[in-house]
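Colleague: here is my input; please provide its structure:
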Amino acid sequence: MYNCLKEMGYPEDKLVLHFNETGVHRGDYWCSVFSEFLTATVFQRIETLQQ
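Modeller: The predicted structure is shown next:
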């Protein structure tokens with residue numbers, strides 16, 4: 001998704017890529033990181049994603 005947005009011209013300074021090697025594409029994983037996602041997208045605070 002990151003690359004698609006970049007290719008479509010979305011400003012790179014507005015993009016954040018957070019890759020978690022231990023993350024899986026399951027509901028329980030997404031529930032555990034949803035508050036970070038919400039903080040980053042709604043309030044544009046990405047410091048929690050950079051740990």
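
Colleague: what mean pLDDT does the longest helix anywhere in the chain have?
Modeller: Longest helix of the chain, by residue count under DSSP state H: helix 27-42. Averaged across helix 27-42, pLDDT comes to 83.

Colleague: next, the buried residues of it.
Modeller: Glu36, Ala40 (16 or more other C-beta atoms under 10 Å). For glycine as for every other residue, the C-beta is placed from the backbone atoms N, C-alpha and C.

Colleague: for that helix, C-alpha coordinates in CSV please.
Modeller: What follows is helix 27-42, C-alpha atoms only, in CSV (Å, rounded to 0.1, in the frame of the first residue of the first chain):
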residue,chain,number,x,y,z
GLY,A,27,-7.6,-10.0,13.8
ASP,A,28,-5.9,-10.5,17.2
TYR,A,29,-2.7,-8.8,15.9
TRP,A,30,-4.6,-5.9,14.4
CYS,A,31,-6.5,-5.4,17.7
SER,A,32,-3.2,-5.2,19.5
VAL,A,33,-1.8,-2.4,17.3
PHE,A,34,-5.1,-0.6,16.5
SER,A,35,-4.6,2.2,19.1
GLU,A,36,-1.2,3.0,17.5
PHE,A,37,-2.7,3.0,14.1
LEU,A,38,-5.5,5.3,15.2
THR,A,39,-3.2,7.7,16.9
ALA,A,40,-1.0,7.9,13.8
THR,A,41,-3.8,8.3,11.3
VAL,A,42,-6.2,10.6,13.2
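
Colleague: and that helix, how far from the chain's centre?
Modeller: Mean C-alpha position of helix 27-42 versus that of the full chain (C-alpha atoms, centre = their mean, to the nearest Å) differs by 8 Å.

Colleague: over to stretch 8-25?
Modeller: Chain-centre distance of stretch 8-25: 5 Å, with C-alpha atoms, centre = their mean.

Colleague: what's the first-to-last distance across it?
Modeller: 25 Å (C-alpha to C-alpha, to the nearest Å).
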